[in-house]
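In: could you work out the structure for the sequence below:
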Amino acid sequence: MLIGNINTIPSIVNLPGQGCGLSEDYIVKVQPSLDTNDPETVTIGIRNLGNPYTVDWGDGQVTSEENPIPSHTYTEPGSNQYTVTVTPKKDPLLTGPQITQLDVGGGNTSTRRRTIVDIIQFGKNTVINSQSFMDGCQNLGIYNDGEITANDLPKITNANAGQFAFRNCIKLNTNKFAGLFKTANQQTQITSLRACFLNCAVFNGSGYDAWDTSEVITFLQMFDGAAIFNQDLSNWDTRKIVSLERMFEDAGAFDQSLASWDIPSLNSAANFKRRVSIPAAEYTAISETNASATLVSWAAQADVPEDVPLLLEGSTLNTAGDLARTTLANKGWEIELS
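Out: Predicted structure coming up:
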């Protein structure tokens, strides 16, 4: 089984007896013309550790594949969309798990990831065993107001599965993944949500407050560039969080209290600073009420960390918030409001 890192091809793995799809088929809808480098070809990664797969490319062509990253060229595709169905072939002579691996696209920097416009089904045996799950699928949801069709979810079997999970999915706005990192869906608990929704410009999905973050140590850049995201995250368990650095940078609509968060391990706090290249009029500062409530709660914690920088650009504080700022400053915090 392959474990991904920042430069590897993102992957999905099929294991019998897991997931909640109606069949084992992994089904996606693609539009080849969205790959500006090769507008006729689609790559669907298939890593098979034992048996081949059948791939129905949606244009009448069905192939049996053992190549780990097979490609298919469509004849005069124009702007047509195709439903690609990947079906595992089971060897009846083999017993036990027949492990196979599906890759969402050709790599997190590949323009071929642009061809995926919808996920129809993940398949009942699908799990995520690496980071960068949907990274770079910038046209996912483009024809359905940011939504996907699939109602099933892959299981989590890798601690880094949340890292870069939806980075640069700039059209995605869905509640379908709200159960992805819930306790019941994690066979291995996630430890990183770094850049999970980085540059997800229209994402404002709800239900993500139910994610199990009890083992997560970093939210680095999690909502950086998620310009309209503004959901309540007060239920998150943050006791092991080390870094909130740039978590809400350029998340210009975010205005929530983080007063419920326990932060004994924190050494880098949230950054609400906006890049100067973006007009300030498009953003609102964290409200006085929420900024103050957050500081009051954090300053009152018995095990509050020392020497933490925090940017709350444009915010003001009420009397209680200002006193809390002083308390934190006495512990070495540097809290900037402008």
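In: can you list contacts of stretch 30-41?
Out: With CB atoms under 8 Å, 6 or more residues apart in numbering as the test, stretch 30-41 has contacts from 42, 44, 58, 71-82, 84, 111-112, 114-117, 139. Yep, even glycine has a C-beta here, placed from its N, CA and C like the rest.
In: ok, of these, which come out buried?
Out: Buried members of those, counted by 16 or more other CB atoms under 10 Å: 42, 44, 58, 72, 74, 77, 81-82, 84, 111-112, 114-117, 139.
In: and the two most separated of the residues you listed?
Out: Greatest spacing in those, by CB to CB: Gly58 and Thr111 (19.8 Å).
In: and stretch 119-139, how far apart are its ends?
Out: Using CA to CA, to the nearest Å, the end-to-end distance of stretch 119-139 comes to 11 Å.
In: starting at the chain centroid, how far to it?
Out: On the basis of CA atoms, centre = their mean, to the nearest Å, stretch 119-139 is displaced by 10 Å from the centre of the chain it belongs to.
In: quick check: buried residues in that stretch?
Out: In stretch 119-139, counting by 16+ other CB under 10 Å, buried: 119-139.
In: tell me which of the residues you listed fall in strands.
Out: When the buried residues of stretch 119-139 are checked against strands (DSSP state E), the matches are Ile119, Ile120, Gln121, Thr126, Val127, Ile128.
In: could you pull out the strands for the stretch 1-150 of the chain?
Out: 12-14, 26-30, 41-43, 45-48, 53-56, 62-65, 71-73, 82-88, 100-103, 116-121, 126-128 (DSSP state E, counting those that start in this stretch).
In: with mean pLDDT and distance to Ile241 added, can I get these in JSON lines?
Out: Output for the strands of the stretch 1-150 of the chain, formatted as JSON lines (pLDDT from 0 to 100; distance: least, CB to CB, whole Å):
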{"stretch": "strand 12-14", "mean pLDDT": "50", "distance to Ile241": "27"}
{"stretch": "strand 26-30", "mean pLDDT": "90", "distance to Ile241": "34"}
{"stretch": "strand 41-43", "mean pLDDT": "82", "distance to Ile241": "37"}
{"stretch": "strand 45-48", "mean pLDDT": "54", "distance to Ile241": "33"}
{"stretch": "strand 53-56", "mean pLDDT": "84", "distance to Ile241": "40"}
{"stretch": "strand 62-65", "mean pLDDT": "84", "distance to Ile241": "42"}
{"stretch": "strand 71-73", "mean pLDDT": "87", "distance to Ile241": "41"}
{"stretch": "strand 82-88", "mean pLDDT": "87", "distance to Ile241": "37"}
{"stretch": "strand 100-103", "mean pLDDT": "48", "distance to Ile241": "30"}
{"stretch": "strand 116-121", "mean pLDDT": "92", "distance to Ile241": "30"}
{"stretch": "strand 126-128", "mean pLDDT": "77", "distance to Ile241": "22"}
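In: and those as a markdown table, adding distance to Gly314?
Out: Shown next, in a markdown table, are the strands of the stretch 1-150 of the chain (distance: least, CB to CB, whole Å):
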| stretch | distance to Gly314 |
| --- | --- |
| strand 12-14 | 41 |
| strand 26-30 | 42 |
| strand 41-43 | 44 |
| strand 45-48 | 44 |
| strand 53-56 | 52 |
| strand 62-65 | 54 |
| strand 71-73 | 49 |
| strand 82-88 | 47 |
| strand 100-103 | 42 |
| strand 116-121 | 37 |
| strand 126-128 | 37 |
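In: okay, stretch 242-258 in CSV with CA atoms only?
Out: C-alpha atoms of stretch 242-258 as CSV (Å, rounded to 0.1, in the frame of the first residue of the first chain):
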residue,chain,number,x,y,z
VAL,A,242,0.3,23.4,17.8
SER,A,243,-0.3,25.8,14.8
LEU,A,244,-3.2,28.0,13.7
GLU,A,245,-0.8,30.0,11.5
ARG,A,246,-2.5,31.7,8.6
MET,A,247,-5.6,29.5,9.3
PHE,A,248,-8.0,32.3,8.3
GLU,A,249,-5.7,34.5,6.1
ASP,A,250,-7.8,35.9,3.3
ALA,A,251,-10.9,34.2,4.7
GLY,A,252,-12.5,37.6,4.7
ALA,A,253,-16.0,36.6,5.7
PHE,A,254,-15.1,34.6,8.7
ASP,A,255,-16.5,36.0,12.0
GLN,A,256,-16.9,33.4,14.7
SER,A,257,-15.8,33.1,18.3
LEU,A,258,-13.1,30.6,19.1
